[in-house]
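Colleague: sequence isn't available, so here's the structure alone:
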């Protein structure tokens, strides 16, 4: 017995004018300022930053920027975003980047919608308490293919002060819309491309290698996604500028973790849990911890192979 609802509106296209029009239309649906959340300089190199700012410029809305989201987003950055939301009357949180940026935006939305007497970490992330309805919507402009967070209700956050890295899942965290333009993947380094494929492949395995093991359509779909991930992986490494390969990679990552292949499955996500314990709690706050940030997917594949 299971149910499934997917309210995320996906806009998959390389036509920049179409994407800009879609972003502007989504802004018009809400009131208030727009908070643009992003990481380092990659979105300025691949053109996503300029495209988004051009799309927002025509809306007449106040634009607030929150740069500096790190891989494995941190609680302090999410709380910084919450302060900006409340200070500027933000009506839309727009994540421009990959999974870490999207996850941070989701927690900013959650933190902005809880009670004044509630704590984001203690009352929600630690306990798994469901998020309240009516959160400030999150929009996504995706620039990597890896986590599937653009169409999911899960997110991961790191608390450096407590040496904790935890996942959190709640339906209201679903993005309202996601813009998927494969051309933004063209500038990804080979290493980052490989990490993305490792991540999405592990996501399918976490759901596939779980009970029940009898005949079911979810497993058949998972096997198809796994085969296609491997084909896309080889194609992207063979020719990083291959648009078809990059578009397939982006769609592979979305389908690997939009929960369609987990329907009817129990799931335990033990690989991710072990990874969070192994590199999350042990390494957070330690000297030189930055070297662990981009190794999430590499470590997942290693742990999976041992299990």
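Modeller: Arrived safely, thanks for sending. These numbers were taken from a predicted model, which means no experiment stands behind them. Residues are numbered from 1 along each chain as shown.

Colleague: C-alpha from now on. contacts and neighbour counts both.
Modeller: Will do.

Colleague: can you read off the pLDDT for residue 132?
Modeller: With respect to pLDDT, residue 132 scores 97.

Colleague: same question for residue 20.
Modeller: pLDDT for residue 20: 87.

Colleague: mind listing residues that contact the helix or strand where it lies?
Modeller: Assigned by DSSP states H and E, residue 20 falls within helix 16-28. Residues external to helix 16-28 that are found in contact with it (CA atoms under 8 Å, 6 or more residues apart in numbering): 11, 13, 34, 51, 52, 54, 55, 56, 58, 59, 92, 179.

Colleague: quick one: residues contacting the second one.
Modeller: Read that as residue 13. 19, 179, 180, 181, 182.

Colleague: so can I have TSV of those showing secondary structure?
Modeller: Putting the contacts of residue 13 into TSV (DSSP: H, G, I helix; E, B strand; the rest coil) gives the following:
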residue	secondary structure
19	helix
179	strand
180	strand
181	coil
182	helix
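
Colleague: before we move on, back to that, just the buried ones from the contacts of helix 16-28?
Modeller: Among the contacts of helix 16-28, those classed as buried by 16 or more other CA atoms under 10 Å are 11, 34, 51, 52, 55, 56, 92, 179.

Colleague: any chance of the residues you listed in CSV, plus secondary structure, distance to residue 107 and pLDDT?
Modeller: Formatted as CSV, the buried ones among the contacts of helix 16-28 follow (DSSP: H, G, I helix; E, B strand; the rest coil; distance: CA to CA, whole Å; pLDDT from 0 to 100):
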residue, secondary structure, distance to residue 107, pLDDT
11, strand, 23, 89
34, strand, 16, 98
51, helix, 25, 94
52, helix, 21, 95
55, helix, 24, 94
56, helix, 23, 96
92, strand, 13, 98
179, strand, 20, 95
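
Colleague: can you name the two of these that sit furthest apart?
Modeller: The most widely separated members of these are 11 and 34, with 19.3 Å between them, by CA to CA.

Colleague: ok, so of the contacts of residue 13, who is nearest residue 75?
Modeller: Comparing the contacts of residue 13 against residue 75 with CA to CA places residue 179 closest, at 25.6 Å.

Colleague: tell me how far the closest one lies from residue 65.
Modeller: Relative to residue 65, residue 179 is positioned 19 Å away (CA to CA, to the nearest Å).

Colleague: what does residue 91 give?
Modeller: Using CA to CA, residue 91 is found at 14 Å from residue 65.

Colleague: so which of those two has more stuff around it?
Modeller: residue 91 (22 against 14; other CA atoms under 10 Å).

Colleague: name the nearest residue to that one, ignoring sequence neighbours.
Modeller: What sits nearest to residue 91 in space, not counting adjacent residues and going by CA to CA, 6 or more residues apart in numbering, is residue 32, at 4.6 Å.

Colleague: so how far is residue 169 from that neighbour?
Modeller: From residue 32 over to residue 169 (counting by CA to CA), the distance is 27 Å.

Colleague: for residue 13, phi and psi?
Modeller: Main-chain torsions, residue 13, degrees, to the nearest 10: phi -170, psi 150.

Colleague: just the pLDDT for it.
Modeller: pLDDT at residue 13 comes out at 81.

Colleague: number of nearby residues for residue 189?
Modeller: Close neighbours of residue 189, defined as other CA under 10 Å, add up to 10.

Colleague: please apply the same query to residue 122.
Modeller: Applying other CA under 10 Å, we find 11 residues neighbouring residue 122.

Colleague: ok, now residue 238?
Modeller: Around residue 238 there are 11 residues (other CA under 10 Å).

Colleague: residue 268 too?
Modeller: Residue neighbour count, defined by other CA under 10 Å, stands at 13 for residue 268.

Colleague: next: residue 115.
Modeller: Residues lying near residue 115 (other CA under 10 Å) number 10.

Colleague: distance check, it against residue 124.
Modeller: Going from residue 115 to residue 124 by CA to CA gives 11 Å.

Colleague: where are the low-confidence patches of this protein?
Modeller: Applying pLDDT under 70 to the chain flags the ranges 1-5, 15, 272-273, 275-307.

Colleague: helices of that one, residue ranges please.
Modeller: For the chain, the helices defined by DSSP state H cover 16-28, 42-45, 48-57, 75-88, 99-113, 190-208, 217-238, 243-256, 270-275, 290-293, 296-306.

Colleague: for the second one, list every residue counted as buried.
Modeller: Residues of helix 42-45 classed as buried by neighbour count (16+ other CA under 10 Å): 42, 43.

Colleague: please apply the same query to the longest one.
Modeller: Of all the residues in helix 217-238, those buried under the rule 16+ other CA under 10 Å are 218-219, 221-223, 225-226, 228-229, 232-233, 235-236.
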